[in-house]
Each structure stands twice: as C-alpha cells, then as structure tokens.
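Q: Next one to model:
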Amino acid sequence: MVSQSELRGALRRFWGYDSFRPMQEKVVRSLIGGHDTCAVMPTGFGKSLCYQLPAAMLSNETVVVVSPLIALMQDQVAQLTQMGIPSALLNSSLSKPRQAQVINESTEGKYRLLYLSPERLAAADTSQWLRRVPVSFFAIDEAHCISEWGHEFRPEYRQLSRLRAEFSERRIAAFTASATRRVRHDIIEQLGLIDPHKYIASFYRPNLRYFTIECDEELQQKMLLAALRCYAGENVIVYAPTIAKVGATVEFLERNKIPALPYHGKMDSDTRRQNQERWMSDEVRVLVGTIAFGLGINKAAVRAVIHLALPKSIEQYYQEAGRAGRDGLPADCVLLWRRRDAGLLAYFIGLLTDEAEKERGWQRYHDILGYAESKACKHLQICRHFGEIPKWKSCAACDACGCELAWSPSTPKVEKQDGLKTAPLSLVAASRTELAEKHASAEFDPELREYLRQWRQETAKQGGMAAFIIMHDSSLDELCRLRPRTLSELRRVSGFGERKTELYGQQILDALQRFQDGARASVLPPKTRIRKKKQWGEIRRAAT
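A: Predicted coordinates:
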C-alpha cells in the first residue's frame, strides 16, 4: 500500500504540485492497487496525471498509453521528458530506424510510459514485440472513441477490445472527458473491464456561464466583435463549423483590427503547430478553429469560448466549451447559432446509409437542438444529459436563469424561473466573487510577465519545443507574483519539480535579476499594460 507521503512526494518531485485535484488521488490509488478503472473527468481536471504519476513511481515497468493524436503524444512525451520521466512514442511520424530503436528499448524496460496510436496497436506485428515489454497497465485516452454512441467514434478504437484477450493479466484504465451513461457502459463492455473502479466527476462547472443565442449572420458578426473587444487582452477560442468559415472569420476580425489565428485540419502540420504555439504563448489572443482544435490543449486562462454554429452533439459542445475557465475564474461559453445550422445537421444525417448510425445521429440532433431552444437551466440540462441529477433546479450562471452578457445589450432578457433556489444562487455567486477577488488581490507586474513570457518563448524556440512545455501560464503568473530569489524559493512555485528546477531554475533567477536591473521586453503589447484592478473589478462585477 502506497502511503500518503509517498504519493505527495512524487507529485511534488515530478510535477511541482503540493496537492491533487479532485478525484485524482482516488484514481491513482486504484491503478497502483491493480484495478481496472474507468474515469470520466471534465476537460482540465488532470486526467493524464492519473496514469502518469503511477508510471513515474514504477522502477522496471511501463504504462502503455493509447492516444489518438500524434501532436498530443509528442507534447506529452516532451513534457514528461522535461520532468525526468523516461517516455517515448511510436507512430508514423518516426523514421523506421527510430521506430526500431524505440521497440528495442521498450522491451528492455527503458520507458515508464510508451505512447501508441490505436492504429499502431492494431498492427499485425505489435502484439509480438509488446509481449516482451514489461507492461504494468494500459491507459486508454479519449476512451469514448470506442463507443458507437460516443460523439467521436473511431472504428480503429474498436480493435482495442483485443487487449483483454491478448494481455489478460494486465489491467486496463479508460479515461474520457465526455461520456454519457450509455457510452460509459459501452466502454466497459468493449474493453472487457473486470469489476472496474468507476470514478465519475461532476459535470457541473460553476464558474462557466452558458449563453445560447439564435441569430442571423449580421447579428452574429456584431456580437462576435462586441465579445472580442470586451475580452481584449484575454485569450478566446472561436469555433467555426467549416474551414471556409474559419478563413472568413479571421479575415473579418483582421479587418476590424482584431488579430486572430486560424486552425483547421487541412493546414500543414507545421503551420498548425506554429499557430497553436503563438496562441498558447499569448502572441495572439484569439484563435479561430474547427473542431480539429483543442484536444490536449492545456491553457487555463481562457476567458471565453464562442461557437458560431450548432455543434453536432451536447458532448462535443461540453468538451469544447469546457476549455474556458480552467483557472477557476468566471468565463463565458457562448453559442451563436443560426436556424440553418439545424437544417445542415439534418441534411448530413439524411445522407447516412447505416440505419444504426443514422439513429444515433438523429438522437444527437434532437439533444443539441433541444439544448439550444430550451428555456431551462443550461447547467442542469448538461448534467442530466450525462446522467447526473443535481439537487438544485437553477444555476444563476446561464441565460435561462437570468444571467446576462455584459458585452451584449441585444441579449434577450430572461425572467428568472419560479422557485429559484437561494442557496445555489448564493453559493455560485460567492464562489465566483471569491475566485475573482483572489486573482485580483494577487496582482503582478504586467511588464515582468511579458518579459518572462518572451524569455520562455525564446528558450522554447532554442530547444525546439512549445513554450508551455517549459512552464504553463499558471506557473508563469505565480512566478511573477512570488519573484523567487533562490532555487529553494523557486521550488515553491507550482509546476516546478526537481528536474524542471534543475533545467531552468538558474536561468529564471537570472532573468528576474535582469528585470530588477532595468531590462524590459522588446515589445510590450498595449493591452497587457492594463491588466490591473480595473479589469479584475469588471470581472468581479460580472461574476456577481
């Protein structure tokens, strides 16, 4: 049995964190205890740590992670390597000699984590060499992809059902952010999980404010501009339904003096990655993307996610909208949809030839259209969709419950429902006020943040990696607040474990000293200068 001090020690040593997020420790203990596990945790709850921490504590065994995206695997391996946890990936992006090397080193037990795509795992020769790898357990990321009822079903995931037959003595863990009760049951059945420990986090995100507005093209553009001007200097994601709409939206914003970056699946991988990195490192605050953007994105301070069309399902919307407000501060999730969106969804469902697939399509269609048209509490609708039955009836954090968009005078006012519960209202309002006040009181010099942000960016470019791999925004902000003067003080900054402190600690202290001596960033964006009490006061007022 692993002790509390051992777990917390590993968490601090590798990740630089002092405590677990909700549910993480329970999942970690389940895996260390040798149980099959199914964990459903919303975006931003730290699912990856749940299987990475047990792997980091192993000495001669390997956790095999099945992940759907090459870019996501590359980022995770890079981050783990920075933390001193031996890791590797195996996919088509590697040369043949490098693939052979990874396979050979895997069979020797060199890696604590080995990332494979589902296609690679299904390859004819994989089972043969994988049997020689000292596998501790399999971690299936984005496990909803295995279910035909999942919103992102991928046929190659179905082949993962072979794992139980071929590696019957190894435990299996399934992770997903968005799975209904039906999908959860399907995941467990398809993977053949044996008496699995199930961990289902609440789908209620009290700091998110949901707004659903039916509009025409002209109103949609006006509201988008109003929103982005209101969030000037903050990070925003805009989801567009097509590649053409992405391009048109970026051009529209540029004409209106709002810098924005496009992101879609047809871009070459280098451009896609460059745009993602520029947004992640705050060079450009607005990213306009298709559904191709977002999986594995770990950026906490996103103040709004705006959809310009009706998504295909509530699961898709929940996952994408949930990329807002991962820092716990108030954030807006705005769906600006047009009636024609529903017609287009219906048209494409009508083209399906498989009757079972068509049935599932129509079910999702009715669910998401019902969500968009309903006058009921948005938070409550989402929770009930995923099988959670909250005790409260209204949230005070959506348009149906009387919450209004501060930046949109044209937003229809909605009367608060009868029987609005005082307790949930007070709790939600108080939690938002507390979070906003906490952020406002812990101010830092914006010039220092920009100086360190540029240091991080240049250091990342020299190392050929993404800036967030060096440190996340939350660590950057805390660094600016604490201004450590020694390596031991730096270790108190969240996100700085032993290895990361060894790699960058002295460089950071030197950068802080240069700033103290008068050095400044090469170019300080005007919007960054105003991130002080006035701005957080506005957020605080909006929260209440």
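Q: so what's L490 up against?
A: Residues near L490 by Cβ atoms under 8 Å, 6 or more residues apart in numbering: L479, P484, F496, T501, G505, I508, L509. The C-beta positions use only the backbone N, C-alpha and C, and glycine is treated the same way.
Q: Give the burial count for S92, as a bare number.
A: A count of nearby residues for S92, using other Cβ atoms under 10 Å, gives 9.
Q: Look at it and give its secondary structure.
A: coil (DSSP: H, G, I helix; E, B strand; the rest coil).
Q: and what of the one 10 residues further on?
A: V102 falls in the helix class when you classify it by three-state DSSP.
Q: unless I'm mixing things up, it is touching S95, no?
A: No - using Cβ atoms under 8 Å, V102 is not in contact with S95, being 10.5 Å away.
Q: Of the contacts of L490 - the most surrounded one?
A: F496 (26 neighbours).
Q: For that residue, give me the pLDDT.
A: Note on F496: pLDDT of 96.
Q: on that earlier part again, and V102 and S95? which has more neighbours close in?
A: In this view V102 and S95 are compared by other Cβ under 10 Å, and V102 has more residues nearby, 19 against 8.
Q: Take the contacts of L490 and keep only those in helices.
A: Those of the contacts of L490 mapping onto helices are L479, T501, G505, I508, L509, per DSSP state H.
Q: Just give the nearest non-adjacent residue to the third one, would you?
A: Think G505. Spatial nearest neighbour of G505, chain neighbours left out: L487 (4.8 Å); criterion: Cβ to Cβ, 6 or more residues apart in numbering.
Q: If C38 is in a bridge, with which residues?
A: Taking DSSP bridges as the rule, C38 bridges to A174, K198.
Q: pLDDT value on it, please?
A: Per-residue pLDDT puts C38 at 98.
Q: And for the one 5 residues further on?
A: According to the predicted model, the pLDDT of T43 comes to 81.
Q: contacting residues around it?
A: Counting by Cβ under 8 Å, 6+ apart, T43 has contacts A177, Q319, G322, R323, R326.
Q: Among those, which one sits closest to F20?
A: Distance to F20 across the contacts of T43 (Cβ to Cβ) is lowest for R326, with 16.0 Å.
Q: mind listing what the closest residue to T242 other than its chain neighbours touches?
A: Nearest residue to T242, sequence neighbours excluded (Cβ to Cβ, 6+ apart): T290, at 7.0 Å. Neighbouring residues of T290 by Cβ under 8 Å, 6+ apart: Y239, A240, P241, T242, I243, V246, Y263, H264, G265.
Q: How about P390?
A: So P390 contacts Y204, H379, L380, C383 (Cβ under 8 Å, 6+ apart).
Q: which SS class is the third one?
A: Using three-state DSSP, the three-state assignment for L380 comes out as helix.
Q: isn't it right up against C395?
A: Yes - the criterion here is Cβ under 8 Å, and L380 meets it with C395 at 6.7 Å.
Q: Which of those two has more residues huddled nearby?
A: C395 (27 against 21).
Q: Could you give the number of residues near the closest residue in space to the more buried one that isn't next to it in sequence?
A: Nearest in space to C395, with sequence neighbours left out and distances taken as Cβ to Cβ, 6+ apart, is H379 at 4.1 Å. H379: 26 surrounding residues under other Cβ under 10 Å.
Q: May I have the residues that are in contact with H379?
A: Going by Cβ under 8 Å, 6+ apart, H379 touches Y204, R205, P206, L208, Y210, P390, C395, A397, C398.
Q: Strands - which of those residues land there?
A: Of the contacts of H379, the ones assigned to strands by DSSP state E are L208, Y210.
Q: Just the buried subset of the contacts of H379, written out for ChimeraX, thanks.
A: This is how ChimeraX selects the buried members of the contacts of H379, with burial counted by 16 or more other Cβ atoms under 10 Å:
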select :204,205,206,208,210,395,397,398
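Q: From the rest of the structure, what touches the helix or strand containing I469?
A: In this assignment (DSSP states H and E), I469 forms part of helix 467-470. Outside helix 467-470, the residues that touch it by Cβ under 8 Å, 6+ apart are 75, 78-79, 82, 277, 280-281, 298-299, 453, 456-457, 459-460, 463, 500, 504.
Q: Output it as PDB, restricted to C-alpha atoms.
A: Taking C-alpha atoms only, helix 467-470 is exported to PDB below (Å, rounded to 0.1, in the frame of the first residue of the first chain):
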ATOM      1  CA  ALA A 467       6.600  27.300 -24.700                       C
ATOM      2  CA  PHE A 468       4.100  25.700 -22.400                       C
ATOM      3  CA  ILE A 469       6.400  22.700 -22.000                       C
ATOM      4  CA  ILE A 470       8.800  24.900 -20.200                       C
END
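Q: can you give me the strands in the stretch 201-350 of the chain?
A: Taking DSSP state E, counting those that start in this stretch as the test, the strands found in the stretch 201-350 of the chain are 208-214, 235-239, 260-263, 286-289, 302-307, 331-337.
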